[in-house]
Every structure is written in C-alpha cells, then in structure tokens.
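**Q** Predicted coordinates and the sequence they were generated for:
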Amino acid sequence: MRDMSYDAVMSRKNEIMKKSVGVDYTKYEVEGIAFDYEEMMKDAGYTIDEIRKIQLETGVGNTPLVELKNINKLIKKISPKGKGARIFVKDEATNPSGSFKDRRASVSAYRAKIQGYKGVMAATSGNYGAAVASQASKRGLRSIIVQECFDSKGVGQPEILEKARACEAYGAEVVQLSVGPELFYYFLVLLEETGYFNASLYTPFGIAGVETLGYEIAEQSMNQFGKYPDAVVITHAGGGNLTGTARGLKKVGAVNTKIIGASVDLHGLHMASDNDFNKKSFTTGHTGFGIPFATFPDRSDVPRNAARPLRYMDEYVLVTQGEVFYITEMLANIEGMQRGPAGNTSLAAAFALAMEMDEDQIIVVNETEYTGAGKLPSAQLTFAKENGIEIKFGDPIKEDIPGKNIVLPDHPSKVGVIKYPLEKLRKSYIKELKKRYGKTEFSEKELKFIAEDLRISTEEVKKLIEEVL
C-alpha cells in the first residue's frame, strides 16, 4: 500500500502531475530557473484554427462584442472635453457555462477524451469548476471539482456556494474543504486514486484555449471599426486570462494594443487566513492572486506555469470592491445586462480609464460572466454586513479599507483606479527568486529567461538584481 501521509504525497507531486496532464515538463528545462517557454507552448500541439474547431464542437466561443452605449453616454458626459473612449465588452457569459473559462476547459476536456482518461479534475472555487464540469459532460467524461469554500466555523461564501451548485448541476462531484493548506494535498490524493486528467488552469493547452478570446476580439474589432482596440482590459488573478488573451491578440497582429490587467484591491487580507476568509467579498480577480502569481508564476499546481502575465502586461491597475459592485449594478440598470462581479472588475477599471482616454479610442473589456443569486451584489453586501464590514457611499479610492469597509461611489465620477507600478512587480519577482531558490547569482541563460519573463532587457535585469539583492 502506498504511503498516503502528507509528506509522502507531496514528494510524489511531480510524478502525479506528469501522469495526470500527460506533459513531461523536464524536456523544457534549460538551466537553473530557466526553461523554454515558447517550446512548451508550441508543444500544446494545437493551432488557433484547431482550437477554434475543438471549441466549436462544444459550443464555446464566437461570443458577441457589445458596445455599452448607455454607459458610454454617461462616460462622455462626465469626462473632460475630447475625452471619453468607447467601451465594448466581450460577452463571454454566452458560453455554455457562462464564462470565458469554457475556453480553457474545452481544450483540457478534449485532450482528456482523446488520451483515454475516464474523467477530469480541477481545484478551483471560481467559474472554472462549472466550465470543467460542463465541458466534461459534453465529452461524456466524469468530473470532480475541489473547492475551498468554508471557514473553520463552516460558514461558506455565497459566491462560492453558488458556484458549487452550478458544478453539481452539470453533474460534477464537488469536494468542499475549509480554508487552509490541505487543498493541494487532497487534490493530489484524488488525482492519484482516480487516475483522472488534471484540468489545471495553468497547462499550455489550458492557456492556448484562451488565445481564441484575444483572437476573436482582434478580428471583431477590425471588422467593426477598421482597427484593433487601443486597449484591452483584463481581470487579472492567476494570469491565464491575461496571458491567453494577449497571446491571441498578438497572433492576429494586434501588437500595439495596450494590455491592461485589473484586480480588486484586497491588500492586508491574507488568502489562507481563516479569520480573513469571509471578510473579502471577491473570491477571484483580486490582488491576493494577482500579485503573487505575477511575481512567482511557478507557484501553480504544475511544474511550469504557462500563465506568465508579466510577459504581456503593459499596465496594472487596482479597483475597489465597492466600485465593482457599483459597476455591476450600473451594467444591469442602464444596459440591461445582469452579469457577475468578477468580469466587472475589468469593466470598473475600463470605466475609469475611458474618462482619461481620447473620445475616438476603443477600449475592450474581455469578459463578462454569468450571475446566479449568490453572486448578486445584494447577496454579497448582505453577507459582508453580517461579517462586520461597514457598507457606505463615498469616495472608494480615498476611503476603502479591505476587511473594514466597502465604499460605493456616491457619483460615477468617483470610479477610479490605483495604478500599480510594473517596476514594483518586477522587483518582487527578483526577490521571489532569492526566497524560493536561494539564488543571488544567475547564469547568462537564466538572465535571458528572466528578461523574457519580465519583458525587459538583460541589462535592465542585471540592474534590478543589483538594486534588490
């Protein structure tokens, strides 16, 4: 009988992952921290046309690009003269399970099917679970979704519980855990025991599945406006949404489109803290994922993460929880589109950025998501009040304190962004290399890899290392 203790299972991590995703990551290793990222992505084995065909088989993609006409009128009214870019949103809620995550899940489920796996598994408390369950159902596969959804008192967040119900509706077995480090251990145990395919968010084919989103945005924009978008705003958490969308845009030729990542500011709240778990109203798209995954991508559940956002991000902005709830209500009230909160993180940022951009510019928000009862602002704000969070109107950028209050804007002009310096993220990336690997000196091949990961020159990398280490 195999040793199933925590230490024994964790020591078999790479062996379990290799068997469950069918990728031998060791073949891409170059030297030290360096690996061949583009060769790994190439080995995903599917072209854009092949992925579109795979996604078409299960009804994924070809979602509409919708102009938010009434919101755009409001932006124009409150912007300085000559400002007020037009916002369009890619309505990903029209995918089978209601989010862009179907694009990722579709390729993983397809790959699992053709490789003979009996089922698929994913560890996620977000929309991805529903997407995996839905795509597994379409391919005739079983599915297990592992969620972290309760604090130690057994109290679960309305949004996560809503997503659990969605997974079960698609036929998945849902394993619900309390907050803590055991999630990854149980995930590995279940992978080993079932022999299921690991539909990780971070495999090359998972990221390749999102590339069609960027590709479609570029195509639709060119067809409708005769040009590519000036900016695409992308809710940023684990980095796959941003990485995949940006790669798709660049593959079609939209190399000058500005890639802007947006996260909800949850500074001061620890993601693995039992005390903080129910003090945050967002389970994804926030800084608790966005910053750690940007500064150390290989913290994921596969040996080498295909989601590497700093390779593509031109700007990173933060918004507050109150702004996202406000924009979610605005989208429903004046555009007639009831969509979930995570996608509206990027819409809140786009609203603020549009007021700074020229009126003839185009800004695209790359996703919407479905909204169930547990994901509505009313459910989330009621739950927040029950957990001692103050709800009030005011100036969110000046007054917001995560874990203490949620400040809804008292006027649309109060919707703003906090601009987070990319330089700060790059310095944190260097610090993580020392923390994780104990390295302070790097070979030429490693410096080249770091430069590619941070999208700067090797000389700039050397300067950063001198400053930080």
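**A** Perfect, I can see it now.
**Q** same question for stretch 305-322, mean pLDDT?
**A** What stretch 305-322 shows for mean pLDDT is 98.
**Q** Please spell out which residues along it are buried.
**A** 305-313, 315-322 (16 or more other CB atoms under 10 Å). In this view, the C-beta of every residue, glycine as well, is placed from N, C-alpha and C.
**Q** Show me these that map onto helices.
**A** Gln321, Gly322 (DSSP state H).
**Q** can you count the residues close to Ile418?
**A** 17 (other CB atoms under 10 Å).
**Q** Touching, it and Asp265? I think so.
**A** Yes: Ile418 is within contact range of Asp265, at 6.2 Å (criterion: CB atoms under 8 Å).
**Q** Show me the common contact partners of the two, please.
**A** The contact sets of Ile418 and Asp265 overlap at Leu318, Val319 (CB atoms under 8 Å, 6 or more residues apart in numbering).
**Q** so what does the longest helix along the chain touch, helix or strand wise?
**A** Scanning the chain for the longest helix, with DSSP H as the assignment, gives helix 204-225. Judged by 3 or more CB pairs under 8 Å, 6 or more residues apart in numbering; DSSP states H and E, helix 204-225 is in contact with helix 37-42, helix 48-57, strand 65-67, strand 86-90, helix 101-114, helix 240-252, strand 362-365.
**Q** got these as JSON lines, with mean pLDDT and mean neighbour count columns?
**A** Shown next, in JSON lines, are the helices and strands packed on helix 204-225 (pLDDT from 0 to 100; neighbours: other CB atoms under 10 Å):
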{"stretch": "helix 37-42", "mean pLDDT": "94", "mean neighbour count": "15"}
{"stretch": "helix 48-57", "mean pLDDT": "96", "mean neighbour count": "16"}
{"stretch": "strand 65-67", "mean pLDDT": "98", "mean neighbour count": "17"}
{"stretch": "strand 86-90", "mean pLDDT": "98", "mean neighbour count": "25"}
{"stretch": "helix 101-114", "mean pLDDT": "96", "mean neighbour count": "27"}
{"stretch": "helix 240-252", "mean pLDDT": "97", "mean neighbour count": "26"}
{"stretch": "strand 362-365", "mean pLDDT": "98", "mean neighbour count": "26"}
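**Q** would JSON lines of the ones you listed with distance to Glu168 be doable?
**A** Shown next, in JSON lines, are the helices and strands packed on helix 204-225 (distance: least, CB to CB, whole Å):
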{"stretch": "helix 37-42", "distance to Glu168": "34"}
{"stretch": "helix 48-57", "distance to Glu168": "24"}
{"stretch": "strand 65-67", "distance to Glu168": "30"}
{"stretch": "strand 86-90", "distance to Glu168": "28"}
{"stretch": "helix 101-114", "distance to Glu168": "16"}
{"stretch": "helix 240-252", "distance to Glu168": "24"}
{"stretch": "strand 362-365", "distance to Glu168": "30"}
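**Q** Out of the ones you listed, which gets nearest to Thr283?
**A** helix 101-114 (13.4 Å; CB to CB).
**Q** still on that earlier bit, any idea which helix or strand comes after the longest helix of the chain?
**A** strand 231-235 (DSSP states H and E).
**Q** Next one: Leu310 from Ser428, what distance?
**A** Distance from Leu310 to Ser428, counting by CB to CB, to the nearest Å: 10 Å.
**Q** ok, now Ala451?
**A** Taking CB to CB, one finds Ala451 at 16 Å from Ser428.
**Q** Repeat that for Glu359.
**A** 36 Å.
**Q** Now for Leu310 and Ser428: what residues contact both?
**A** In contact with both Leu310 and Ser428: Thr295, using CB under 8 Å, 6+ apart.
**Q** related to what we said a few turns ago, select, out of the helices and strands packed on helix 204-225, the one closest to Phe393.
**A** strand 86-90 (23.5 Å).
**Q** Between helix 204-225 and the closest one, find me the angle.
**A** Following axes from the mean of the first three to the mean of the last three CA atoms, to 10 degrees, one obtains 140 degrees for the angle between strand 86-90 and helix 204-225.
**Q** Need the mean per-residue confidence for the lengthiest strand in the chain.
**A** Criterion DSSP state E: the longest strand present in the chain is strand 142-150. Taken as a whole, strand 142-150 has an average pLDDT of 92.
**Q** For that strand, enumerate the helices and strands it packs against.
**A** Looks like strand 142-150 contacts strand 119-123, helix 127-138, helix 158-169, strand 173-178, helix 182-194 (3+ CB pairs under 8 Å, 6+ apart).
**Q** residues in contact with it?
**A** By CB under 8 Å, 6+ apart, strand 142-150 touches 118-125, 129, 132-133, 136-137, 156-157, 160-161, 163-164, 167, 170-180, 183, 186-187, 190, 194, 196.
**Q** switch the cut-off to 7 Å
**A** Contact with strand 142-150 is made by 118-125, 129, 132-133, 136, 156-157, 160-161, 164, 167, 171-179, 183, 186-187, 190, 194, 196, as judged by CB atoms under 7 Å, 6 or more residues apart in numbering.
**Q** in the longest helix of the chain, what counts as buried?
**A** For helix 204-225, the neighbour count (16+ other CB under 10 Å) marks 204-221 as buried.
**Q** Give me the distance from that helix to the chain's centre.
**A** 16 Å (CA atoms, centre = their mean, to the nearest Å).
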